[in-house]
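Q: sharing a model prediction with you, sequence too.
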Amino acid sequence: MFLSLTVSAQIDRTKQPKPGPAPKINLGTPEKFSLSNGLQVLVVENHKLPRVTATLTIDNPPMTYGNKKGVEGLLSSMLGSGSKNTPKATFDEEVDFLGANVSFWDEGARASSLSKYFPKVLGLMADAALNPVFTQEEFDKQMKQSLDGIKNGEKSVQAIASRVQNVLTYGKNHPFGEFTSEATLKNVTLQDVENLYNKTYKPNNAYLVIIGDVKFKEVKTLVKDLFSSWKKSDMIAQQLPKVENPSTTEIDFINMPNAVQSELAIINSVDLKMGDKDYYAALLANQILGGGGTGRLYKNLREDKGYTYGSYSSIGSSRYASRFKTSASVRNMVTDSAMVEAMKEINKIRYKKATQEELDIAKAKYIGNFVRNVEKPQTVASYALNILTNKLPKDYYKNYLKNINSVTLDDVQNAAIKYFKGDKARIIITGKGIDVLKNLEKTANYKINYFDKNGNPTEKPAMSKTIPAGVTKNTVINKYFDAIGGADKVKNLKSTMVVYEAEAMGRKIQNTEKRTATHFANATAMNGNTMMKVTMDKDAIKMNGQPLPPAMAKDFSFTLGTFPEVGYLNNAETKLTGIEPINGKDAYVVSKKGKIVSITSYYDVDSGLKVKEVQNINMGGRTQTQEATFGDYKEFNGVKFPGKKSGSLGPQKVQYVLKDAKINEGVSDADFK
Amino acid sequence: MKRSILSLASALLVAFSANAQKVEFEEYDLSNGMHVILHKDNSAPVVTVGVMYHVGAKDEVDGKTGMAHFYEHLLFTGTENIGRGEWNKIEAANGGTGNANTNWDRTYYYETFPSNNLELALWMESERLLHPIIDQKAVDTQNEVVKEEKRQRMDNAPYGKIIYGDVYNHIFDKHNYGRPMIGYIKDLDAAKLEEFKAFYNKWYMPNNAVLVVAGDFDTKNAKKMIKDYFEPIPARTLPKREKVVEPERTKEKRVKEYDSNIQLPAILLAHKTPSMKERDSKVLDVISTILSNGKSSRLYKKLVDGKKKSLNVFSFARNLEDYSVYNIGAIPLGKTSLDDLIKEMDEEIEKLQTELVSDKDLQKVRNKFENRFVASNSNVQGIANSLARNYMLVGDTNRINKELEIINSITKEEIRDVARKYLAKDRRVVIEYLPEAKKK
């Protein structure tokens, strides 16, 4: 009895609590009026806090500025520098004194303050917006600042990535694609700024949204007083260039040598409007793919693979042009893998239906957002503004939840196929070429195009770093010898022998290599039976007793020596060719190009140790590449050998472990027969 | 008739709360020592639940840095009753959103739901405290994620070392505020699962935490649920906190930092200043406002607008529990040298140290703080965070309501004296923040 009482008094935390009854949602509507000059005013009264925000939005159709791009930015920064009635210093002082925030841009203005100062603050905003002064002094200052600002962005990987993504997606001649450069900025004059203001800062397409602790009647009088004198004028919308996707998916690479992460974006343009039938399905498809911490991209690239701090997707619904985009900042070494996974997710949501659970969560997320935001006065205002600017039905937001809820799994898939163009996308990667490109070329089935920081086509970046002065093949090889036991010692060895073992296809593989100054033998045994034996001296190479073509033998014979590097030192065609990263660490590259066989070895810049070797064999038009990597060096009688080695056995990758190593013993003439 | 009385009454109520500008709250302790703060606001059907733990980067021991922030990641893995990877799903499926953040002093977890999911939020947070999943798999994944976070936020971002406080190593020689908040990667790579678990056992307990619930709820109901979910979690012995005293600097130090993501350098005058608990830290906030907040502020007006020597100027305090950091800085415009900027900034600092500010300046500051205060209380999520911070780090929950009173009581003389004391040249570190290309 007592026991059962205690138990029933406790909560059962193994069960997830059920939600209570859904809260009632009140979707407010703003009060509206308009002035005869066309300005439309929306007022949302909310007296919870004694503050007010007013936002003026001039909803002009987008336009290009061409070789004067940046004029709109200068207009933005020059507006608010006082007015015809108030000098700049006085204006700044008044705004600050009232504790207010007032800002301006080329197509709008915003003011916020305590409600007790609001009439004054709105007055200041209106005065500076409608009676601006454009002085040469202010222009020169803003020009100087803008030029320095541009300069400062040139090393920012994120800034460059975003710029080139816009250029490639929309095109350089589209308002959404063009960008401000030093050159275009320098074309702008004070007169241009003033002309732009006179042409576009007009009430025809303008909305003034006032939110907060105001009374509608009072604010109406105030707005009429302040904004009625604003004159309208005709404006002609520009014809926008067509935005096009590539005919087949491509990689567009922008080299940023200072990048420690690649900005990976997969982008295609879309034609999606808020009033479209499949708008909600597109939102939900995007949510399932890349919306926040429940999206597939986040779960795969972050929570499963640890490639990134976050990966997301987004889809726009502008009236003019929009894009679908997935994004992630990923470390250099996994750029190719992250790209593969992101493409996989895009294709998966196109070709396979999402699960009901995923759709339910996506819907819940949208509904939650709606509920959490709907009673904020800003939301009320922005919904009303959306209805006006996008010409949506009046009850658009009243039906919002219903429309979200009615989306089916088929709708989601159809939207994904229509809007996520995995087959006609741009994979735009902004990163450090020397770290990223090798793997990208290997992994990707897409053509790689190269672009500079301005989005112009360019050459593939150099894949090797400059070799510092004083470093030569000899210093690299001698450093390697020093690292494994001392150059003198290594050069004077009589013989070496190493035995490696590996497991592959359920069998034990043993590889034994023996070397003297003049002879070489390498035998591979499987479960104790020798499968292959290669022997070499300066005259011939034999494989299982059969001589190989003399041309091939000639390409190999220079590697004779207790270590192949002894041969490299004496061979004039073996050269130090560059510095390349191996697993993220710089390595010197020493290579010899032969007619049939080319050999390249990599030595870690810091430790001096050999970390990798690649053999390219080109015979009869066919190329075969064999790679081996070395690590975990272990010492045997004063000389270090790689404790681990990875190599290939046919198509199979094999991990070898060093079993034994001997110097100056264990090798006889018979081994080379 | 009835109707008009009602609307009059509600209008009065609104007017009262608007003028009082007071954040109402109630606070109490559970029997296990967990502190609870409730802030009720039924104006929108939304509720925020937050738990702040009194552990941050400064509590980490040498060689094991990064644990506090790492936990911020680990504790989203799951719990005994919330499967691996389910956390975000449950949150989203119930219309919620949440996150967490860490600094040197504390770690804060929170989520905001439609108010019918208060119980769910309490359940999730109590699960997180009671029995989270901490295993090798979670550690391995988050280790990579944290490294990416560091690359994205600090290594690949212009001025990242200033924004995220990596330059504090020049200011603190002894105190752990001098270590990067995110920790040293080598420490995280070397950390063993057992060490992660030990960190959790040391710091994560109800008596080292404050639970805050803000928004739309029924008080009686909420209190019962809080008791049900959190009180059974056993208290443990609070760890000893060692107070590290950072000696005063007696001679100006000058150092260089490099950033590969910038082209324009910055100059930074960095000062160690008093704890956020101290009145003087508020005086320094007032000084920031005078120096660089708004276009009529002294540094902006002089360097950006007037002499056109600077692209941007800034001064701000990062207020922390043991000490704070106060930075004054600028990015030069054109060919202006960093030394020239130092000279200009020094002139303004000296002016503060020798001349009293005007009545008008003082009133301007007060108006700005009043506006800021009202704005900061515009959503329950923000209020929840402020309440928890004031309780845990400032030591007085009600400081949220005294803030303006304190600002309004600060005198001209105090401003001068604080500027003299803490912004003295020999107490500061001058940091030249340079493009990597300038490195020799």
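A: Structure received. Everything quoted here is computed from the prediction, not taken from an experiment. Numbers count the residues shown, from 1 in each chain, chains lettered A, B, ... in the order given.

Q: hang on, B:V139 packs against B:F196?
A: Yes - the criterion here is CB atoms under 8 Å, and B:V139 meets it with B:F196 at 6.0 Å. In short, each C-beta sits where N, CA and C put it, glycine included.

Q: what is in contact with those two at once?
A: B:L74 (CB atoms under 8 Å, 6 or more residues apart in numbering or on different chains).

Q: show me the contact partners of stretch B:52-59.
A: B:65-66, B:68-69, B:71, B:102-109, B:175-177, B:179-183, B:203-204, B:208-210, B:212, B:239, B:241, B:321-322, B:388-389, B:392.

Q: let's see that with 7 Å instead.
A: B:68-69, B:102-108, B:176-177, B:179, B:181, B:183, B:203-204, B:208-210, B:388, B:392 (CB atoms under 7 Å, 6 or more residues apart in numbering or on different chains).

Q: equivalent analysis for stretch A:365-384, please.
A: Contacts for stretch A:365-384 (CB under 7 Å, 6+ apart): A:23, A:25-30, A:42, A:44, A:46, A:209, A:211-212, A:283, A:287, A:291, A:397, A:400-401, A:404, B:44-46, B:92, B:94-96, B:112, B:114.

Q: from these, list the buried ones, please.
A: Buried subset of these (neighbour count, 16 or more other CB atoms under 10 Å in any protein chain shown): A:23, A:28, A:30, A:42, A:44, A:46, A:209, A:211-212, A:283, A:287, A:291, A:397, A:400-401, A:404, B:44-46, B:92, B:94-96, B:112, B:114.

Q: from the residues you listed, which ones fall inside strands?
A: A:L42, A:V44, A:V209, A:I211, A:G212, B:V46, B:T112, B:P114 (DSSP state E).

Q: what's the closest of the residues you listed to A:P550?
A: Closest to A:P550 out of those is B:T112 (77.6 Å), distances taken as CB to CB.

Q: residues in contact with the closest one?
A: A:R372, B:V46, B:T48, B:G96, B:T97, B:G98, B:Q381.

Q: out of those residues, who's nearest A:N492?
A: Nearest member of the contacts of B:T112 to A:N492, counting by CB to CB, is B:G98, at 67.7 Å.

Q: which stretches in the stretch 101-250 of chain B count as helices?
A: Using DSSP state H, counting those that start in this stretch, the helices of the stretch 101-250 of chain B run over B:118-130, B:136-150, B:160-163, B:185-190, B:193-203, B:219-230.

Q: tell me the most buried of those?
A: helix B:118-130 (a mean of 23; mean count of other CB atoms under 10 Å in any protein chain shown).

Q: ok, and the closest non-adjacent residue to B:T289?
A: Among residues not flanking B:T289 along the chain, B:V365 sits closest, at 5.1 Å (CB to CB, 6 or more residues apart in numbering or on different chains).

Q: can you get me a residue count around that neighbour?
A: Neighbour count of B:V365, defined by other CB atoms under 10 Å in any protein chain shown: 25.

Q: show me the contacts for it.
A: Taking CB under 7 Å, 6+ apart, one finds B:V286, B:T289, B:I290 in contact with B:V365.

Q: what residues sit buried inside the strand or helix carrying the second one?
A: Secondary-structure assignment from DSSP states H and E places B:T289 in helix B:279-292. Of the residues in helix B:279-292, those scored as buried under the neighbour-count criterion (16+ other CB under 10 Å) are B:280-292.

Q: show me where chain B has strands.
A: Counting by DSSP E, the strands of chain B are B:26-29, B:35-40, B:46-53, B:97-102, B:107-114, B:209-215, B:253-259, B:266-274, B:310-318, B:323-332, B:428-435.

Q: okay, those strands in CSV with mean pLDDT next?
A: CSV is the format used below for the strands of chain B (pLDDT from 0 to 100):
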stretch, mean pLDDT
strand B:26-29, 97
strand B:35-40, 97
strand B:46-53, 97
strand B:97-102, 93
strand B:107-114, 96
strand B:209-215, 97
strand B:253-259, 94
strand B:266-274, 96
strand B:310-318, 93
strand B:323-332, 95
strand B:428-435, 95
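
Q: which residue packs closest to whichever residue of the stretch 501-650 of chain A sits closest to chain B, ignoring adjacent ones?
A: Nearest residue of the stretch 501-650 of chain A to chain B: A:G584, at 11.8 Å (CB to the nearest CB). In this structure, A:G584 finds its nearest non-sequential neighbour in A:M333, 5.3 Å apart by CB to CB, 6+ apart.

Q: with A:I150 instead?
A: Nearest one to A:I150, counting by CB to CB, 6+ apart, is A:E182 at 5.7 Å.

Q: and B:D187, by the same measure?
A: B:T65 is the one closest to B:D187 (CB to CB, 6+ apart), at 4.6 Å.

Q: one more: A:V476?
A: A:Y588 (4.6 Å).

Q: isn't that neighbour right next to A:Y603, touching?
A: Yes - with contacts counted by CB atoms under 7 Å, A:Y588 reaches A:Y603, the gap being 4.6 Å.

Q: ok, those two, which is more surrounded?
A: A:Y588 (28 against 24).

Q: residue contacts, the more buried one?
A: By CB under 7 Å, 6+ apart, the neighbours of A:Y588 are A:V476, A:L576, A:I579, A:Y602, A:Y603, A:V605.

Q: who is the fifth one paired with across the strands?
A: A:Y603 has the following beta-bridge partners by DSSP bridges: A:Y588, A:K610.

Q: quick check: it touching A:E613?
A: No - with contacts counted by CB under 7 Å, A:Y603 stays clear of A:E613, the gap being 10.2 Å.

Q: re earlier: next, give phi and psi for the residue of the stretch 501-650 of chain A closest to chain B.
A: phi 90, psi 0 (degrees, to the nearest 10).

Q: distance of A:L409 relative to A:T472?
A: 65 Å (CB to CB, to the nearest Å).

Q: now, which of the ones in strands among the buried ones among the contacts of stretch A:365-384 sits nearest B:L356?
A: For those, the closest approach to B:L356 (CB to CB) belongs to A:G212, at 35.8 Å.

Q: what about the residue nearest to that closest one when sequence neighbours are not counted, which helix or strand?
A: Leaving aside its chain neighbours, A:G212 sits nearest to A:V52 (3.7 Å; criterion: CB to CB, 6+ apart). For A:V52, the host element (DSSP H and E) is strand A:51-58.

Q: pLDDT averaged over that strand - what is it?
A: For strand A:51-58, the mean per-residue pLDDT is 95.

Q: quick one: distance of that strand to the chain centre.
A: Computed by CA atoms, centre = their mean, to the nearest Å, the chain-centroid distance of strand A:51-58 equals 34 Å.

Q: could you point out the helix or strand that follows that strand?
A: helix A:71-78.

Q: who touches that next one?
A: Contacts of helix A:71-78 (CB under 7 Å, 6+ apart): A:65, A:104-106, A:134, A:138-139, A:142-143, A:146, A:180, A:188, A:192-193, A:196-197.

Q: and for stretch A:538-553?
A: Here stretch A:538-553 has contacts from A:T518, A:M532, A:K533, A:V534, A:T535, A:F556, A:S557, A:L560, A:K595, A:I596, A:V597, using CB under 7 Å, 6+ apart.

Q: quick one, which of these are buried?
A: So, by 16+ other CB under 10 Å, the buried ones in those are A:K533, A:V534, A:T535, A:F556, A:S557, A:L560, A:I596, A:V597.

Q: now for these: which two are most distant?
A: Checking the buried ones among the contacts of stretch A:538-553 with CB to CB, the most distant pair is A:K533 and A:I596, at 20.5 Å.

Q: contact partners for the residue in chain B that chain A sits nearest to?
A: Residue of chain B nearest chain A, by CB to the nearest CB: B:G95 (2.1 Å). Listed by CB under 7 Å, 6+ apart, the contact partners of B:G95 are A:A364, A:I367, A:G368, A:V371, B:F113, B:P114, B:N117.

Q: which residue packs closest to it, ignoring adjacent ones?
A: A:G368 (2.1 Å).

Q: what's the local residue count around the residue of the stretch 151-300 of chain A found nearest chain B?
A: Residue of the stretch 151-300 of chain A nearest chain B, by CB to the nearest CB: A:G293 (3.6 Å). Residues within reach of A:G293, counting by other CB under 10 Å, total 20.
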